[in-house]
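**Q** Sequence and predicted model, in that order:
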Amino acid sequence: MTEHKKIRGHTSLENALRALKSFSEDEPEMGVSELSKKLGLGVSTTHRLLSTLAQEDFVVKNPATNKYTIGLSVLQLTNTVTEQIRIIKESQPVLQRLTEETGESSHIGIIDGEHVIYLQKVDGIHPVKLDSHLGKRNPIHCTSSGQAILAFQPEEMITDRLFRPLKEYTEYTLTEPEELKRKLINIRSNGFVTSNQEFRKNIYSIGAPIYKTSNNVIASINIAGPVQRIKPNKKNFIDKVLEASRQLSSIIQQRS
C-alpha cells in the first residue's frame, strides 16, 4: 500500500500549484488544451481545475480569447511575499548604483531547484536582450547568478547537481562535471564568478554571492552585457560587483 501511494499521480492541490506555476511572462495566457498538455492532464480535469481556481480568483478567464491568466489573489500573495523578502526592496538602490557605475544591467537571483530566478533587475543604459526579466528561470550551471550561489552550497547539493545532465547552451557551456566542479572551487576561493558566453553567445557576466550569515549564501548579484563592453573593464567591474555584494550582505544581516 505504501509503494502504491508513492507512485500515484499528483493530488488536486499539487496540480493546482503546478497550473499556477505554468503561467509566466513568456506565457501569460493559456487555454485549457494548452495547459492540459503542459501538465499532462486530461482536458476535462484541467477545465475543472481552472474553474476551481477561477472561483477563488487565482486565475481569470479572458472572454475575448477563452484563455486564462493569473488573477488578483496571486498578486495579493505576491505582494505579501515581496514585503517579507526585504532583499527585493533593499536591493533596488544597490542595483541602481551598480548599473550607474558600470552602465550594464544588474540582477538579484535566488536558486529554486535547478534554476536561478531573478527577483530584481535594473536595466542598463544600452538595450541588450538578456532573457533575465523578473521571475525568469535560467539554469544554475551556466549563469553567473546561479554559479555564484551554487559554489557556496553544501557539498551534497553540489554533487547532486554535478551528476545531473549539464545542458549545453553554447560551445562555452561547461558540460563536464569535473570542469564545473573546478570552476565552483575557484568561485569559493575568489568570492566572485565570471561567465564568458556560457549561457548566451556574446554575453559576459560577473556575479558574487549575497550572505545572510557568514556561511549562508542565499542569493547573488550580477551584471551582464556584451563581451566587448564588459571584458575590457573586467577588473574594475569585478570590484564594483564585490562592493555591491558586501553592501547587500550587510543590509540583510542587519535585518535578520
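**A** Here it is on my side, so go on.
**Q** Quick one: residues contacting residue 90.
**A** Counting by C-beta atoms under 8 Å, 6 or more residues apart in numbering, residue 90 makes contact with 248, 251, 252, 255. Heads up, the C-betas are built off the backbone N, CA and C, glycines and all.
**Q** neighbour-wise, which of these leads?
**A** Among the contacts of residue 90, residue 248 has the most neighbours (other C-beta atoms under 10 Å), with 25 neighbours.
**Q** quick one: residue 101 and residue 239 touch, right?
**A** No: Residue 101 lies out of contact with residue 239 (C-beta atoms under 8 Å); the separation is 9.8 Å.
**Q** With neighbour numbers in mind, choose between these two.
**A** Neighbour count, other C-beta under 10 Å: between residue 101 and residue 239, residue 101 has more, with 17 against 13.
**Q** Are we agreed that that one is in a helix?
**A** Yes: counting by DSSP: H, G, I helix; E, B strand; the rest coil, residue 101 falls inside a helix.
**Q** which phi and psi does residue 35 have?
**A** phi -70, psi -40 (degrees, to the nearest 10).
**Q** In contact with residue 103, which residues?
**A** By C-beta under 8 Å, 6+ apart, the contact list for residue 103 reads 124, 125, 126, 225, 229.
**Q** Give me the neighbour count for residue 214.
**A** Using other C-beta under 10 Å, residue 214 is surrounded by 7 other residues.
**Q** distance of it from residue 185?
**A** Going from residue 214 to residue 185 by C-beta to C-beta, to the nearest Å gives 19 Å.
**Q** I'd like the distance between residue 253 and residue 246.
**A** Taking C-beta to C-beta, one finds residue 253 at 11 Å from residue 246.
**Q** hmm, I was thinking of residue 23
**A** Distance from residue 23 to residue 246, by C-beta to C-beta: 36 Å.
**Q** tell me the SS of the residue lying closest to residue 176 once chain neighbours are set aside?
**A** Leaving aside its chain neighbours, residue 176 sits nearest to residue 166 (7.4 Å; criterion: C-beta to C-beta, 6 or more residues apart in numbering). Assigned by three-state DSSP, the conformation of residue 166 is coil.
**Q** Distance check, residue 166 against residue 40.
**A** Separation of residue 166 from residue 40 (C-beta to C-beta) stands at 25 Å.
**Q** Report the helix or strand with the lowest average pLDDT across the chain.
**A** The weakest-scoring helix or strand in the chain, judged by mean pLDDT, DSSP states H and E, is helix 2-7 (a mean of 38).
**Q** Show me what secondary structure element comes after that one.
**A** helix 12-22 (DSSP states H and E).
**Q** Tell me which residues touch residue 253, please.
**A** By C-beta under 8 Å, 6+ apart, the contact list for residue 253 reads 211, 212, 213.
**Q** Can you get me a residue count around residue 160?
**A** Residue 160: 12 neighbours (other C-beta under 10 Å).
**Q** do residue 34 as well
**A** 15.
**Q** Next, it: phi, psi?
**A** Main-chain torsions, residue 34, degrees, to the nearest 10: phi -60, psi -50.
**Q** Who are the contact partners of it?
**A** So residue 34 contacts residue 67 (C-beta under 8 Å, 6+ apart).
**Q** Check residue 110 and give its pLDDT.
**A** pLDDT for residue 110: 89.
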